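Novice: Quick one: sequence plus predicted model below, questions after.
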Amino acid sequence: MKPLRALAPALVVLGALVAPYAGSAAAAPAPQAHAGTSIAAKATPELPRVKEYVSLGDSWSADVVFANSDGGPDSTYAPVDCAQSHHNYPKLVAAELGVTTLRDATCGSATTDDFTAPQDLPAGGQNPPQFDRLTRTTDLVTVGIGGNDAGIASAGMDCLNALPVANPLPDGTVPPMPDNPVPVIGSEAPLGGCKEKYTAGGHDRLSERIRESEPKLVAAFRSIHRISPHARILAVDYLSLVPDHGCYPTVPATDEDMAYIHDKFIELNAMVKRAARRGGAEFVNTYTPTLGHDFCQLPTVRYGEIYGPSVNDPAVGVPAHPNAAGARAQAAVVLDYLRSH
């Protein structure tokens, strides 16, 4: 989903907040057999052989970051202002598969329109059409897209509230808010009220946008089949990062607003699943395996950050996006899927 528009100023401000974090996970004990019994070793299913892997998608696939131990964002496969992490899930998957060729087109702010047209970027760069990375010899494609088509990122930022109360103005109202064109920076005071805004008049605009995005995803999957007829296409949904409640100050939003945007993320993932079925892609569920790792959890537990600075690994990520632990979780789910399907 959509990252910050200006990389350099945010890097200077947020970089000072990153502190080194050292920690190690204890190795799990090996299983012990009871006396008089034997345990038959089960062979781990092998990963498929993949020569040419192309990853397509938005910022939750790029696992966007401003800075980490590698320095700034990775510009190996896309312009630096796509904000790709050096260790996003496509790169982790490619390394585990031992692919000969990786083309990682993922980019912050991307929509399905950017699959077939160049994407203008905040620092002046331009990501070529993501489909340009596909060839007739591509044998694996992962796709993580749809959130920006539906406007979920903008809506999520509209939920943020400077105070842990609903309707903070003296007259008990929330001022009308326009659609947020730069969602991470914000274009209005953070006063919450996203549910009220998007359901005004009894009409849920976000649900409507999610439904309207489905044909775009279906068309994208079908186009990939035409360009790369021998490729497996994996439609990867969105992690379980959005809680169904606020948790000040970690997630500054009211319970009502967070429950609303949480439900919209579930609708979004259901739409991605339907589109995958209709478009001939395989659906990979990253949501269920990542339950319990949302933004409200402890720093070493959560798979994403609301503000950006993270200890998983030390980094300044783009607010409201997966952190390094989230990227590893995404990669693990995709690899498990490839082993078992």
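Specialist: All right, it came through fine.

Novice: I'd like to know how far Gly125 sits from Ala67.
Specialist: 17 Å (C-beta to C-beta, to the nearest Å). Placement of C-beta: from N, CA and C, glycine included.

Novice: and if you look at Leu335?
Specialist: 27 Å.

Novice: who has more neighbours, the two?
Specialist: Neighbours were counted for Leu335 and for Ala67 using other C-beta atoms under 10 Å; Ala67 has more, 20 against 16.

Novice: Show me which positions of stretch 64-76 end up buried.
Specialist: 64-68, 72-74 (16 or more other C-beta atoms under 10 Å).

Novice: now swap in stretch 272-279 and tell me
Specialist: 272-276, 279.

Novice: thinking again about what came up before, so which of the buried residues of stretch 64-76 comes closest to Glu214?
Specialist: Val64 (24.7 Å; C-beta to C-beta).

Novice: Excluding chain neighbours, give the residue nearest to the closest one in space.
Specialist: Among residues not flanking Val64 along the chain, Ala83 sits closest, at 3.8 Å (C-beta to C-beta, 6 or more residues apart in numbering).

Novice: List the contacts of that neighbour.
Specialist: 3, 7, 59, 62, 64-66, 73, 107-108, 318 (C-beta atoms under 8 Å, 6 or more residues apart in numbering).

Novice: and the residues you listed, which two are the farthest apart?
Specialist: Of all pairs in those, the most separated under C-beta to C-beta is Phe66 and Cys107 at 14.8 Å.

Novice: quick one: pLDDT of the residue lying closest to Thr286 once chain neighbours are set aside?
Specialist: Using C-beta to C-beta, 6+ apart and skipping the chain neighbours, the partner closest in space to Thr286 is Val333 (4.7 Å). Note on Val333: pLDDT of 98.

Novice: What is the helix or strand Val333 falls within packed up against?
Specialist: Secondary structure from DSSP states H and E places Val333 in helix 324-340. Counting contacts by 3 or more C-beta pairs under 8 Å, 6 or more residues apart in numbering; DSSP states H and E, helix 324-340 packs against helix 89-97, strand 232-236, strand 282-284.

Novice: hang on, the earlier thing: if you look at the buried residues of stretch 272-279, which of them are in helices?
Specialist: Judged by DSSP state H, these include 272-276, 279 as members of helices.

Novice: Could you pull out the helices in this protein for me?
Specialist: 7-15, 59-62, 89-97, 152-158, 194-198, 205-227, 255-279, 324-340.

Novice: Identify the residues contacting the fifth one?
Specialist: When contacts are defined by C-beta under 8 Å, 6+ apart, helix 194-198 is touched by residues 155-156, 158-159, 174, 176-177, 204-206, 253, 256-257, 260-261.

Novice: Tell me the one of those nearest Tyr89?
Specialist: So of these, ranked by how close each gets to Tyr89 (C-beta to C-beta), first place is Gly156, at 20.5 Å.

Novice: Lowest-scoring secondary structure element of this protein by mean pLDDT?
Specialist: Least confident helix or strand of the chain, by mean pLDDT, DSSP states H and E, is helix 7-15 with a mean of 36.

Novice: so what's Asp70 closest to, chain neighbours aside?
Specialist: Leaving aside its sequence neighbours, Asp70 sits nearest to His86 (C-beta to C-beta, 6+ apart; 4.2 Å).

Novice: Quick one: neighbours of that neighbour, just the number.
Specialist: If we define neighbours as other C-beta under 10 Å, then His86 has 18 of them.

Novice: now it: how far from Asp58?
Specialist: 18 Å.

Novice: next one: Ala155
Specialist: Computed with C-beta to C-beta, the distance linking Ala155 and Asp58 is 15 Å.

Novice: Look at these two and report which has more neighbours.
Specialist: Asp58 (30 against 24).

Novice: The residue lying closest to the more buried one once chain neighbours are set aside: how many residues sit nearby?
Specialist: Distance criterion C-beta to C-beta, 6+ apart; nearest residue to Asp58, sequence neighbours excluded, is Ala110 at 4.3 Å. A count of neighbours around Ala110, defined by other C-beta under 10 Å, yields 29.

Novice: wait, doesn't Ala110 sit right on Gly144?
Specialist: No. Using C-beta atoms under 8 Å, Ala110 makes no contact with Gly144, being 9.3 Å away.

Novice: so what sits against both of those two?
Specialist: With C-beta under 8 Å, 6+ apart, Ala110 and Gly144 have common neighbours 57-58.

Novice: residues contacting the nearest residue in space to Lys264 that is not next to it in sequence?
Specialist: Sequence neighbours aside, Leu206 is the residue nearest to Lys264 in space, at 4.9 Å (criterion: C-beta to C-beta, 6+ apart). By C-beta under 8 Å, 6+ apart, the contact set of Leu206 is 150-152, 155, 198, 264, 267.

Novice: where in this structure is pLDDT low?
Specialist: Counting by pLDDT under 70, the chain shows low-confidence ranges at 1-43, 164-189.
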